[in-house]
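Q: sequence plus predicted model, see below.
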Amino acid sequence: MPPDPSFDEERNSPHESDSQAFIVRIWVEEIDRVAGQTVWRGHITHVPSGERRYIKSLGDIEMFIAGYLERLDVKLRWSWRMWRWLRQWQCR
């Protein structure tokens, strides 16, 4: 039996109001083979709001998403909150 087009399972999910959607695009911009370091670049977009943040490291992805989790009243571990605070302070 074909699916009912009037029923959108994802939108009618009881968890939909508690979920967030993000699009992440990353690429390697530079590889320092001598030092063994990789420089990542890219951007992350929050789908519902369209807010976009350009990233310079993979940790920037976590920072961006953490802000939305906190708005959902997700309680982040103390160590994560401290790390996030320090990262924000360093970026100023």
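A: Okay, I see it.
Q: T38 touches I26, doesn't it?
A: No: T38 is beyond contact range of I26, at 10.8 Å (criterion: Cβ atoms under 8 Å). Heads up, the C-betas are built off the backbone N, CA and C, glycines and all.
Q: do a quick rundown of the helices in this protein.
A: All helices of the chain, identified by DSSP state H, fall at 59-71, 78-90.
Q: who are the packing partners of the first one?
A: Secondary structure elements in contact with helix 59-71, counted by 3 or more Cβ pairs under 8 Å, 6 or more residues apart in numbering; DSSP states H and E, are strand 22-32, strand 37-46, strand 52-55, helix 78-90.
Q: for that helix, output the C-alpha coordinates as CSV.
A: The C-alpha trace of helix 59-71 is given here as CSV (Å, rounded to 0.1, in the frame of the first residue of the first chain):
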residue,chain,number,x,y,z
GLY,A,59,35.3,22.0,17.5
ASP,A,60,33.4,25.0,16.1
ILE,A,61,30.7,22.6,15.0
GLU,A,62,30.2,21.4,18.6
MET,A,63,30.2,25.0,19.9
PHE,A,64,27.5,26.0,17.4
ILE,A,65,25.2,23.0,18.1
ALA,A,66,25.7,23.3,21.9
GLY,A,67,24.0,26.7,21.8
TYR,A,68,20.9,25.2,20.3
LEU,A,69,20.9,22.3,22.8
GLU,A,70,21.0,24.7,25.7
ARG,A,71,18.0,26.5,24.3
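Q: nothing else from me, thank you.
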